[in-house]
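In: Got a sequence here, can you build the structure:
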Amino acid sequence: MKFISTRGKGEIISSSEAIIKGIADDGGLYVPVEFPKLYDNLKKKMGLSYEELAYEIIRKFFDDIGDENLKEAIRQAYSGKFFVREEKNFLELYHGPTSAFKDAALLFLPQIMKAAKRKENINEEIVILTATSGDTGKAALQGFSNVEGFKVVVYYPEKGVSAIQQKQMVTQEGSNVKVIGIRGNFDNAQSGVKSIFGDNELKKKLKEEGFLLSSANSINIGRLIPQIVYYFYGYFDLVNKQKIKEGDKINIVVPTGNFGNILAAYYGKKMGLPIGKLICSSNENNVLTDFLKTGIYDKRRELILTESPSMDILISSNLERLLFEANNRDSLETKKLMEELNSKGVYSISPNAKEFLNDFYGDYANIHEVYDAIKYAYDKEGYLMDTHTAVGYVVLDKYRKETSDYRQALIASTASPYKFPRSICNALGIDISGKNDFEILNILRDNTNTNIPNNLKNLDKKEVLHNEVCDKDKMTESLLSFLRRTKND
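Out: This next block holds a predicted model:
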């Protein structure tokens, strides 16, 4: 399998090269030259474990790594650390070390990067540069902590993540990790990281000093491909539980920020997985809803800080990969649209591309609808979900009422409710006045008779190891300062 850039420049490269580089030289994102039709083969193996299924799927994309290296990377990533569970049609993707769906990919990425680094005979230290709206940062820090040959720098909006998300990051141990808050929002952090990647002079200087830049955001194909696995796993689970028959189409519902998770579901559909509608669910930052309804992507609006902070995004990076498909893989058109977004803040797609989007449905949920959904699901079904998952739950209900399409649906449940305990207690009407988020964890546990994830217990007692904050235009300086200070540690 080879990989190409969505913007067309540059050569066709191997999977190990694409994984190491993260982003193409022309600023585009790597995509596979084709999608293997895997469903017909995999449906004969429905009893596979998550790890076995991951191997069957990922090996078709990352085939130059070597089968044994890939098996070892998967074992190191998932064995005893991560599992997926389907319950009441919620596909729970948060049973990992950071209690968010990002673990599925960010436990695997360091392992596959290590293998790719060996394959490419790279001696430089690889610097993983990541912007986070809350969950990616901690998952990247956790996955890469103390992995030899790598450093990790995470930027997060200082006032744009939950107290628990922030504490998870700033207490991260590891001699090779750095967490930096920025005075700005997630889009500022993401734009800053992309700007660093686009600075060829800087990259040249860093290479002379022994560093190569790469990314752990879902712009890295090494992070995106593993996310396909859980949609196959969830589908087969529905068949095994006799909720559907093999071959029945299901709808997939994803609370969406950077568009990576729902794109992985779309890739699964291209590989033959029987998916009907891909239901893209947004919070009040509903730029994707407007795009799917009108074909116009317009980021020229105020970013709203919500109680589903991982979705507080106005520039959904992975949408570029979908545009590439929607434009019949026309890299020049994709490049033009991305340049328009950068210079004007808006672009409009062609009628043919808009027709292509019929696989998708987009809508959004406000905080009142989210609270009502959390309370309803808990009171009526005994199911406790977080604010992001609730966005998906609300939008699925809107979709069904609008279309009368009541076929089975899987809702991607992307985070533990314990990552946002204040919001959950408010939704359930539990009195938490005067309590901090860490006291509220225990109140939520006691009131719902559910368990606090082990990784969030006693988080408040951990020592803060990262307290640097910088202006959004000083991100390069903070990166260089860290790298030079810790060179060859």
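In: and residue 470, how far is that from residue 215?
Out: Taking Cβ to Cβ, to the nearest Å as the measure, residue 470 falls 19 Å from residue 215. C-beta coordinates here come from the backbone N, C-alpha and C atoms, glycine included.
In: ok, now residue 283?
Out: Look at residue 283 and residue 215: by Cβ to Cβ, they are 24 Å apart.
In: Tell me which of residue 470 and residue 215 has more neighbours.
Out: Each of residue 470 and residue 215 has its neighbours counted (other Cβ atoms under 10 Å); residue 215 has more, 25 against 20.
In: Identify the residue nearest the more buried one in space, chain neighbours excluded?
Out: With Cβ to Cβ, 6 or more residues apart in numbering as the criterion, residue 215 has its nearest non-adjacent residue at 3.6 Å, and that residue is residue 22.
In: Over to the one you found: give its phi and psi.
Out: phi 80, psi -50 (degrees, to the nearest 10).
In: which ones are touching it?
Out: 197, 213-215, 219-220, 222 (Cβ atoms under 8 Å, 6 or more residues apart in numbering).
In: Include secondary structure and pLDDT when you put those residues into JSON lines, please.
Out: Formatted as JSON lines, those follow (DSSP: H, G, I helix; E, B strand; the rest coil; pLDDT from 0 to 100):
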{"residue": "197", "secondary structure": "helix", "pLDDT": "89"}
{"residue": "213", "secondary structure": "strand", "pLDDT": "93"}
{"residue": "214", "secondary structure": "strand", "pLDDT": "90"}
{"residue": "215", "secondary structure": "strand", "pLDDT": "86"}
{"residue": "219", "secondary structure": "coil", "pLDDT": "86"}
{"residue": "220", "secondary structure": "coil", "pLDDT": "92"}
{"residue": "222", "secondary structure": "helix", "pLDDT": "95"}
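In: Most neighbours of all these, which one?
Out: The most neighbours of any of those, using other Cβ under 10 Å, belong to residue 222, which has 30 neighbours.
In: list the contacts for that one?
Out: For residue 222, the contact set (Cβ under 8 Å, 6+ apart) comprises 15, 18-19, 22, 62, 108-109, 112-113, 116.
In: Same check on residue 427?
Out: Per Cβ under 8 Å, 6+ apart, neighbours of residue 427: 370-372, 374-375, 390.
In: now do residue 241
Out: Listed by Cβ under 8 Å, 6+ apart, the contact partners of residue 241 are residue 86.
In: Which of the contacts of residue 427 fall within helices?
Out: With helices defined by DSSP state H, the entries of those inside them are 370-372, 374-375, 390.
In: Which of these ranks first by neighbour count?
Out: Within the ones in helices among the contacts of residue 427, most neighbours by other Cβ under 10 Å means residue 390, with 33 neighbours.
In: Identify the residues contacting that residue.
Out: So residue 390 contacts 308, 365, 370-371, 373-374, 377, 427 (Cβ under 8 Å, 6+ apart).
In: now swap in residue 158 and tell me
Out: 181-184, 469.
In: Out of these, which end up buried?
Out: 181-182, 184 (16 or more other Cβ atoms under 10 Å).
In: which stretches of the stretch 151-300 of the chain form helices?
Out: Taking DSSP state H, counting those that start in this stretch as the test, the helices found in the stretch 151-300 of the chain are 163-170, 186-197, 200-208, 221-224, 226-240, 260-270, 287-294.
In: which of the ones you listed sits most buried?
Out: Ranked by average neighbour count under the criterion mean count of other Cβ atoms under 10 Å, the helices of the stretch 151-300 of the chain are headed by helix 221-224 at a mean of 26.
In: show me what contacts residue 373?
Out: 365, 385, 390, 393-394, 397.
In: Distance from stretch 58-67 to the middle of the chain?
Out: Computed by Cα atoms, centre = their mean, to the nearest Å, the chain-centroid distance of stretch 58-67 equals 21 Å.
In: May I see the buried residues of it?
Out: Neighbour counts over stretch 58-67 (16+ other Cβ under 10 Å) mark 58-66 as buried.
In: and if you look at stretch 461-472?
Out: Going by 16+ other Cβ under 10 Å, stretch 461-472 has these buried residues: 466, 470, 472.
In: Please name the nearest non-neighbouring residue to the first one.
Out: What it means is residue 466. Nearest residue to residue 466, sequence neighbours excluded (Cβ to Cβ, 6+ apart): residue 179, at 3.7 Å.
In: Nearest to residue 332 among the buried residues of stretch 461-472?
Out: Among these, residue 472 lies closest to residue 332 (Cβ to Cβ), at 31.2 Å.
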